[in-house]
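Chemist: Structure, please.
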Amino acid sequence: MRQSVCGKSIKGIMRMEKIKFYNMNGIHCWIINLKPFEPDEPNDKIRSLQEDCVQNKIFGIGWRTGYFDTHTKVTLDEHTKKAYKDTLKPNDKSARNATDRMSEIKCGDLAIMRLRDGHIYLGKVTEPAFHDSTILSKENSSRLSWMCKVEKWLEFSQRRQATITPIVRYKQRLLMLAMYDMKNSGKTDVPKVILNENNFTRALSYVDLEDWVCAYIYSKHADDGYMLLPSSGKVSRIKYEFTFVSNKSDRKPITCQVKNQNSEPINIADYENDKDIYEKIYLFSGNNNFANRELAKVNIEIIDRSELFNVVKNSSFKFMYDKLSKYHSFSESPNLKKLEETLYSNKKGWKPRKKFSKGSGDFKKYKVGKHETGEISWIYFGYDGLYITDEFDSFIIDWQDKNTEKIIEQLKKDLM
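Modeler: Residues are numbered from 1 along each chain as shown. Have a look, this model is predicted:
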């Protein structure tokens, strides 16, 4: 049972044979960029504010106005929000939108605070938006307009975009919950993301995908004395991700380009002039988006998706397998297949629907769907708020109404 710090009960997992229900109803997650400073602000001042926020367990937004000359301690509600907005410039949309978002953050929500250096902190909100000029040090007391307090900050050295953004997709919210649990207590009841050949590139962060490609290249060329050159992995390198060098004098370097879900195709013609510089140029696109594919020959090679997936799935690199296994699984999705057999056979009376009607007493309704990329299979039950996917192999309750429990009981009965 998961319990929020505000005392609100959030249902965890109910076991039904191997199938789990995970209730996401009322769980809200946010990304906050802590950046109430000018682009040319000195680094020491930026660090001072960021350290102040971490130590005092708060996050916030800027846009100070004369409103706080007479309001040193105040909570953000509809009345104070209107009064504060009246002191903003009419065309200051960023400040208005960010203030509206801050007012939506509730006790028990999860927040990711992203710092300018790329480090992120994950916390659970214990006090919704307020202003208090006395919390931060004197040099930083005028930096923030509105702030929220968290129970604790848990640090992650990863890169994760507007000043404050709600996370609406169920997978990201589940992963945030899992991250918080694992960092806080070393365990979680959140189901793992099931990786397969079709979804692994979209399911992974670009950092993990680059590590995966790095492992793949090493597996191909380690016998020729190749090793990764750490200094080559710079963010500023636009054309290539990193470089491998060999201890054999007759071997040229090997390099690669990795794109996750690139909207613009990787143009292989852009790499032709470098063929004499490198022993091999590897290219990988998570959504297989290339231009001039016919030019991928000789020492320019497109990495095969299946081959890349099998490198880690088959535990060729245990460190990568162990790292990903913290939040991911390489198992199959047996529950989805079992459900499909039950529903499609119609032995239990479930009926397919293209869309669900309101107020119906018929709980045995379902519809099937695919993620927009065609990679994930979904089955919805009774309405759009209850579904199962082959990525989690668990029932997700995203929102609920008066019929939710009845639909769940019907599923339990028919699937026992």
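Chemist: and the gap between residue 46 and residue 347?
Modeler: Per C-beta to C-beta, to the nearest Å, residue 46 is found 63 Å from residue 347. All C-beta spots, glycine's among them, are computed from the backbone N, C-alpha and C.
Chemist: So for these two, which sits in the more crowded spot?
Modeler: Counted by other C-beta atoms under 10 Å, residue 46 and residue 347 do not tie: residue 46 has more neighbours, with 18 against 10.
Chemist: Provide the contact partners of the helix or strand hosting the more buried one at residue level.
Modeler: Using DSSP states H and E, residue 46 sits within helix 43-55. The contact list for helix 43-55, computed with C-beta atoms under 8 Å, 6 or more residues apart in numbering, reads 34, 36-37, 59-60, 113, 115-116, 121, 136-137, 139-140, 143, 153.
Chemist: Can you list the low-confidence ranges for the stretch 151-300 of the chain?
Modeler: Scanning the stretch 151-300 of the chain for pLDDT under 70 picks out 157-168, 234-238.
Chemist: which residues in it form strands?
Modeler: Ranges of strands within the stretch 151-300 of the chain are 154-156, 164-167, 193-194, 226-229, 243-246, 254-259, 266-267, 280-285, 290-291, 300-302, based on DSSP state E, counting those that start in this stretch.
Chemist: Which one of those lies nearest to residue 209?
Modeler: strand 254-259 (6.2 Å; C-beta to C-beta).
Chemist: Partner strands of the closest one, with direction?
Modeler: strand 243-246 (antiparallel), strand 280-285 (parallel) (DSSP bridges).
Chemist: what comes into contact with the longest one?
Modeler: Strand 280-285 is contacted by residues 213, 217, 221, 254-259, 262, 265-266, 268, 271, 274-275, 290, 296, 299-303, 308 when judged by C-beta under 8 Å, 6+ apart.
Chemist: Ends of stretch 378-395, what's the gap?
Modeler: This stretch, stretch 378-395, spans 10 Å end to end (C-alpha to C-alpha, to the nearest Å).
Chemist: Start from the N-terminal end of the chain and give the helices.
Modeler: Using DSSP state H, the helices of the chain run over 43-55, 78-85, 93-104, 170-185, 200-203, 206-221, 305-313, 318-324, 334-345, 404-415.
Chemist: what about residue 364, distance to residue 319?
Modeler: In terms of C-beta to C-beta, residue 364 sits 47 Å off from residue 319.
Chemist: How about residue 100?
Modeler: Per C-beta to C-beta, residue 100 is found 44 Å from residue 319.
Chemist: Repeat that for residue 288.
Modeler: The gap separating residue 288 from residue 319 is 27 Å, by C-beta to C-beta.
Chemist: How about residue 137?
Modeler: Remark: distance between residue 137 and residue 319 (C-beta to C-beta) = 41 Å.
Chemist: do the same with residue 329
Modeler: Distance of residue 329 to residue 319, computed by C-beta to C-beta: 17 Å.
Chemist: So for these two, which sits in the more crowded spot?
Modeler: Neighbour count, other C-beta under 10 Å: between residue 329 and residue 319, residue 329 has more, with 17 against 10.
Chemist: What is the neighbour count of the residue lying closest to the more buried one once chain neighbours are set aside?
Modeler: Closest residue in space to residue 329, ignoring its immediate chain neighbours: residue 192 at 4.2 Å, by C-beta to C-beta, 6 or more residues apart in numbering. Neighbour count for residue 192, taken as other C-beta under 10 Å: 21.
Chemist: One more: residue 289?
Modeler: Residue 289 has 13 neighbouring residues, counting by other C-beta under 10 Å.
Chemist: Test my guess that it contacts residue 259.
Modeler: Yes. With contact defined as C-beta atoms under 8 Å, residue 289 and residue 259 form a contacting pair (7.4 Å).
Chemist: Quick check: neighbours shared by those two?
Modeler: Residues touching both residue 289 and residue 259 (C-beta under 8 Å, 6+ apart) are residue 266.
Chemist: Pretty sure residue 219 sits against residue 311.
Modeler: Yes. At 5.8 Å, residue 219 counts as touching residue 311 under the criterion of C-beta under 8 Å.
Chemist: Now do the buried residues in the helix holding residue 46.
Modeler: Using 16 or more other C-beta atoms under 10 Å as the burial criterion, the residues of helix 43-55 that qualify are 46, 48-50, 52-54.
Chemist: Tabulate those in CSV, adding columns for distance to residue 383 and pLDDT.
Modeler: CSV is the format used below for the buried residues of helix 43-55 (distance: C-beta to C-beta, whole Å; pLDDT from 0 to 100):
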residue, distance to residue 383, pLDDT
46, 47, 80
48, 50, 87
49, 45, 86
50, 43, 86
52, 46, 91
53, 41, 91
54, 42, 91
